[in-house]
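Visitor: Sequence plus the predicted model coming up.
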Amino acid sequence: MPALTPKPVRQPPRQTIRRARQWGLIGGLGALAMLAGLAAVVIGGLDGRRSAARTGKPHRGSADRSTDRRTDGTPAAVPVAGPPPAPAPDLPADPPVRPARQVVVDDPTLPWASPTSGPPPRLAYLPPGSQLILLARLAELSADDEGRLFLGSLGPAAAEAIATLEKLCGRRIVDIESVQAGWQAGGPDEVVAGYAVRFIEGRAAPADEASRQAAWGETTEVAIDGETVYRSPTRSFWVPAAEKGRVLVIAPHVMVARDVSLGPGGPPRTGQEPLMAAIVRESLATNPATGTGLAATLPGDLEALVGMLDADRHLTVFGSPHFLLNAGRPLLAGSLARVLEPLEGLFGESVQAAAVSLHVGDNAYLEMDVVSSLELPARKRVAGLVTRFDGLPAQVERFCASLDPDPYGRVLVLRLPAMLRALSGQVRAGAEGRGVVLNAYLPRHAPHNLALAAEIALAQGPATSADAAPPAALSGAMGVVGRLTKKMTLAFASDNLEHSIQMVSEETGVPMEILGGDLQLEGITKNQSFGLDEQDKTADSILRAILAKSNPEGKLVYVVGEKDGEEWVFITTRAAAAKRGNTPPPPAAP
């Protein structure tokens, strides 16, 4: 495979987003997944050194792996990048050398050897239909000082999620061997999730009525396929009998689709059942407690990706990028919405499944695994994926330059571009079956620094001019029309009318409402997807651009009216506005 030469990529526009919401268990674990996987891998890298050789167990993958195994059957080759520079005094030493497992070759196009060699994850008790999955080995992470720092650096949403998990389990984080979360689309703009918690040896889920009530509140028992499920007002809890108390499955009270047979020879029809019932039914069919293979039914692309993963990694996030960028967008609400544009640029339309994983140890290990469509062999995907990855430093630099960081985190935020360039220099890549592997080693304490820097950067607001009036002052001095003269930037690859209007409303402080009945009379929906790239324009101009994108025929307008004693912007149609005698305001001066 020829050496890979980084090439520049187009800088995607900055994105203005809605303000962060309060997160519950789903949102908090979503933050944990996104910040741990995406921030630490996509925005990261403190070690600018090139080591002579990395050591550890060979990278485990599918049987037809073509780049990490020599033809004579020796273990995975460990690439080198030439003689190492002298190590910086504040950086930890490389992992201890294990000569029996080390093969040194002067070929930087091969992936690094992985520090773990566990089996693929079994995914027992995974909710059927899951499109995004988080695997976290919490006891091991919390037993390591860097692991504890990393978990603490993920921000208040992740801390709230972990606290909620501890309460529902009736155990501390040190007693939780692993947690598995699986997300899927619920209704419009809704994502639902189920969780499977496995406890360490000697610990178990709440087993008596008093402990269950302390952890879950008042519950009622329901029998599902011979198993006992405990239902609280908001969640269902299942302790599988075969696991002898070591596994607790948690799911919200939501209904999911199920194919129902009408009998022999009859066509199946789609019905609905509670999410917990679906988990119990599918789990019992795969014998999760005693089997050894994959204990979940997945689409072909995700199943191929699972074969590339390692269950011994401390943190793994994987799934469908298409789901995350579309139906799964609620997981990226608030400050996390800012990673949507970079993710779409990195993965593109051809990537069907992707994973990021982290393992802490003497050195930190980061890995990204990607499965693309069948049109182009994985070997030919490597160069394009690495090129897009190498384009991220400029994108992060431009994003950081647009911020007005809080003083206490300013230095860390402004270091992000250099961090990412360092990571880009450490990345190695190669093909594995249908997939592509990118991985890197970083200093031991890199993960928590990277996660903290990313969390702070994503939470910062855009820079403002020195003479700009504070939003509160503007709101008091101007009416709605005046506030819509504010300059802003709004860019996204794919979104809909409802979300776009919400973002403009939150940026300007102007309350806005879509009159859905008016739109329905014209056959216009609020969920039609479109892209937008409006840079440094008035909110009025951007609002009109959104309406034109939503309905190219020009039927949509906005009018200003009063509701609850204050001025509002109402999105309606020209015909409905004329019928009511409302006149749309003239365009604001650019």
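Guide: Looks like it came in fine.

Visitor: element containing the residue nearest to residue 414 when sequence neighbours are not counted?
Guide: Take residue 414 and drop its neighbours on the chain: the residue closest to it by C-beta to C-beta, 6 or more residues apart in numbering is residue 400, 6.0 Å away. C-beta coordinates here come from the backbone N, C-alpha and C atoms, glycine included. Per DSSP states H and E: residue 400 is located in helix 392-401.

Visitor: next helix or strand past that helix?
Guide: Using DSSP H and E, the next helix or strand after helix 392-401 towards the C-terminus is helix 410-414.

Visitor: ok now do residue 289, which residues does it touch?
Guide: Counting by C-beta atoms under 8 Å, 6 or more residues apart in numbering, residue 289 touches 124, 240, 242, 243.

Visitor: Which members of the residues you listed are classed as buried?
Guide: Taking 16 or more other C-beta atoms under 10 Å as the criterion, what is buried in the contacts of residue 289 is 124, 240, 243.

Visitor: Cross-check the contact I'm expecting between the second one and residue 288.
Guide: Right, residue 240. Yes. Using C-beta atoms under 8 Å, residue 240 is in contact with residue 288, at 7.4 Å.

Visitor: shared neighbours of the two, anything?
Guide: residue 125.

Visitor: ok, residue 197 touching residue 247?
Guide: Yes. If you go by C-beta under 8 Å, residue 197 and residue 247 touch, sitting 6.9 Å apart.

Visitor: residues bridging contact with the two, i.e. touching both?
Guide: Common neighbours of residue 197 and residue 247 are listed as residue 205 (criterion: C-beta under 8 Å, 6+ apart).

Visitor: Quick check: residue 490 vs residue 567, distance?
Guide: 21 Å (C-beta to C-beta, to the nearest Å).

Visitor: So the residue nearest to residue 288 when sequence neighbours are not counted: helix, strand or coil?
Guide: Excluding the flanking residues, the one nearest residue 288 by C-beta to C-beta, 6+ apart is residue 124, at 3.3 Å. Per DSSP: H, G, I helix; E, B strand; the rest coil, the secondary structure class of residue 124 is coil.

Visitor: Can you name the residues that contact residue 190?
Guide: Residue 190 makes contacts with residue 330, as judged by C-beta under 8 Å, 6+ apart.

Visitor: Pull up the gap between it and residue 328, please.
Guide: Distance of residue 190 to residue 328, computed by C-beta to C-beta: 10 Å.

Visitor: Next up, identify which helix or strand residue 367 is on.
Guide: Counting by DSSP H and E, residue 367 is part of strand 363-372.

Visitor: Neighbouring strands - and their directions - for that strand?
Guide: Strand pairing for strand 363-372, using DSSP bridges, gives strand 351-359 (antiparallel), strand 435-443 (antiparallel).

Visitor: Compare those and give me the one nearest residue 503.
Guide: Taking C-beta to C-beta, strand 351-359 is the member of the strands paired with strand 363-372 nearest to residue 503, at 26.0 Å.

Visitor: Any chance you could list what contacts the closest one?
Guide: 36-38, 40-42, 114-116, 150, 301-302, 304-305, 308-310, 312-322, 347, 364-373, 447.

Visitor: Buried subset of the residues you listed, written for ChimeraX?
Guide: Only the buried entries of the contacts of strand 351-359 go into this ChimeraX selection, using 16+ other C-beta under 10 Å:
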select :36,37,38,40,41,42,114,115,116,150,301,302,304,305,308,309,310,312,313,314,315,316,317,318,319,320,321,322,347,364,365,366,367,368,369,370,371,372,447
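
Visitor: rewinding a little: now do the same contact list for the residue nearest to residue 288.
Guide: Contacts for residue 124 were tallied using C-beta under 8 Å, 6+ apart; they are 180, 196, 247, 283, 286, 288, 289, 295, 296.

Visitor: For the fourth one, grab the count of nearby residues.
Guide: The number of residues packed near residue 283 is 26, by other C-beta atoms under 10 Å.

Visitor: Pretty sure it sits in a helix.
Guide: Yes. Under three-state DSSP, residue 283 sits within a helix.

Visitor: so where do the helices sit in the stretch 101-250 of the chain?
Guide: All helices of the stretch 101-250 of the chain, identified by DSSP state H, counting those that start in this stretch, fall at 138-143, 145-152, 156-169, 209-216.
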